[in-house]
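Student: Model the following, please.
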Amino acid sequence: MKKSTVGILMLTVAVAVATIYTVMNRPPAADLSLSEQTLQILEEGGCISCHSSDPVLPFYAKMPIAGDLVQKDVAEGYRAYDITPLMSALSSGSEPNPVDVAKVEKVARDQRMPMAKYYLMHWGSQMTAAKRDIITMWAQAYRMAHYNDGLVDKHAGEPVRPIALTVDVDERKAKLGRELYHDVRLSADNTISCASCHGLETAGVDNKQYSEGVGGQKGGVNAPTVYNAVYNFVQFWDGRAATLADQAAGPPLNPVEMASQSFDEIIAKLEKDKAYVEAFKEIYPDGITEANITDAIEEFEMTLTTPNAPFDKYLRGDDAAISAEAKRGYELFKEYNCATCHVGPNLGGESYELMGLRDHYFEARGLALTEEDNGRYKQTQQERDRHRFKVPGLRNVALTWPYYHDGTRATLEEAVRDMGTYQSGVELTEQQTADIVAFLNTLTGEYEGKPLTNVNKQ
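Tutor: Numbering: from 1, shown residues only. Model prediction:
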């Protein structure tokens, strides 16, 4: 066969392949909604093949060598992210979790999924620029509708959102809840209150690795801040409380914390206080009960928001509200996937995530594992939930040391650097760490119209 003929044949084949590839990777039809287009892209991309508990494996998953690679990818994919809830939400037209939105948007922006070895076998699955743009528009539209916080122009689609300037609460309940929050009679020996571990003057924490309860007993997990806890989708590191009221019911009966035997014991003490009896009767017809105590505390804790941080002002259009260093830090925060979990007004608190996603945190820590290290697994007994924790909010994080669920990181610089290693798989330089810390420092907001402070000195 002549060389010219071979060349023409090869060119023809190449054109045919390119045409077929282009056709198969066409973006969804424009007459579909952004959610429908996004769902189609994720389905055609085969995301569910690796990021679910019950994947539909390709035929070659049973072949030698290739099968081992497939099984490894599936295991790692599901370990990192379960896309099933998002797919279900998009299919049913319900509202997806903001963390799911952020994760899919980031992967699409980076065009790093599906992996090349997948789309070479599944031609219609590649994340093209057109598909990326559709997912980006979907994510931005979702945030503008979901948060309804007035952000416009260049900040409208940001994964991080400002805290609302006002809070709608029942003032009478909140006032009563404040008193209960500071009342040591919720504890067995009248020495410990909610504020003992979550002091309002110490940024909602006690700055101890483990808090001290009745008799000096120490808990096994670092006390998170109570400020902005209203934004958390569940409470406690392991998510065992669905609401702030549920959370408020826990410590009084915890034998290591307040150690009361029952709420009947607490109620009996409070009923001796005529002011309490009258205050409860004015608000709750049935007087002092466990449900009413925790309801009032919940209402008070709803007021513990810290809006108007420098970064909030920046998001709302004041470009001079934060430094150039902090702006670089925020871009790094997004580049290294921090803003896929630390999303929304509280920069976290909206999902459970694996501690040690990219490197083995607990092995490197060098300490014996504790029950608290199991995280969400404590509640579900599902192996995938071992070492998964509710993502902490980052508001006022410069004031809430020490860090992590185990309180092992004393400084913000150390915590940021190690998060890069264990969660993002990057070794941050000193300058990058400093930039991210500068950004995090802009998250300190105001409480009752004044900048939040911490009387403890680090």
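Student: what's the closest non-adjacent residue to Phe311?
Tutor: Nearest residue to Phe311, sequence neighbours excluded (Cβ to Cβ, 6 or more residues apart in numbering): Thr442, at 4.1 Å. For the C-beta atoms, the positions are set from N, CA and C on the backbone; glycine is no exception.
Student: Does the one you found touch Glu325 like I think?
Tutor: No. Counting by Cβ atoms under 8 Å, Thr442 stays clear of Glu325, with 9.9 Å between them.
Student: So between the two, which is more surrounded?
Tutor: Of the pair Thr442 and Glu325, Thr442 is the one with more neighbours under other Cβ atoms under 10 Å, namely 22 against 16.
Student: gap between the residue nearest to Phe311 and Val455?
Tutor: Applying Cβ to Cβ, to the nearest Å, the value for Thr442 to Val455 is 21 Å.
Student: And Asn148, by the same measure?
Tutor: As judged by Cβ to Cβ, Asn148 and Val455 stand 36 Å apart.
Student: Surely Asp373 touches Phe389?
Tutor: No. Counting by Cβ under 8 Å, no contact exists between Asp373 and Phe389, whose distance comes to 9.4 Å.
Student: What is the three-state secondary structure of the residue sitting nearest the centre point of the chain?
Tutor: With distances taken as Cα atoms, centre = their mean, the residue of the chain nearest its centroid is Gly348 (3.3 Å). Secondary structure state of Gly348, per DSSP: H, G, I helix; E, B strand; the rest coil, is coil.
Student: again with Phe389
Tutor: For Phe389, the secondary structure call by three-state DSSP comes out as strand.
Student: For it, give the beta-bridge partners.
Tutor: Judged by DSSP bridges, the bridge partners of Phe389 are Glu353.
Student: For it, which residues are in contact?
Tutor: Going by Cβ atoms under 8 Å, 6 or more residues apart in numbering, Phe389 touches Trp237, Asp238, Tyr352, Glu353, Met355, Gly375, Arg376, His405.
Student: quick one: the last one and Gly375 touch, right?
Tutor: Yes. Counting by Cβ under 8 Å, His405 touches Gly375, with 7.2 Å between them.
Student: can you list residues touching both of those two?
Tutor: Taking Cβ under 8 Å, 6+ apart as the contact definition, His405 and Gly375 share the neighbouring residues Trp237, Met355, Phe389.
Student: rewinding a little: now the residue nearest to the centre of the chain: how far from Thr453?
Tutor: According to Cβ to Cβ, Gly348 and Thr453 sit 22 Å apart.
Student: do Met419 as well
Tutor: Met419 sits 25 Å away from Thr453, going by Cβ to Cβ.
Student: Looking at the two, which one has more neighbours?
Tutor: Between Met419 and Thr453, Met419 has the larger neighbour count (other Cβ under 10 Å), namely 22 against 13.
Student: going on from the least confident helix or strand in the chain by mean pLDDT, what's the next piece of helix or strand?
Tutor: When the helices and strands of the chain are scored by mean pLDDT, DSSP states H and E, helix 3-24 comes last with a mean of 52. Tracing the chain C-terminally past helix 3-24 and defining elements by DSSP states H and E, one meets helix 34-44 next.
Student: so what's Lys208 up against?
Tutor: Listed by Cβ under 8 Å, 6+ apart, the contact set of Lys208 reads Ala223, Pro402, Gly407.
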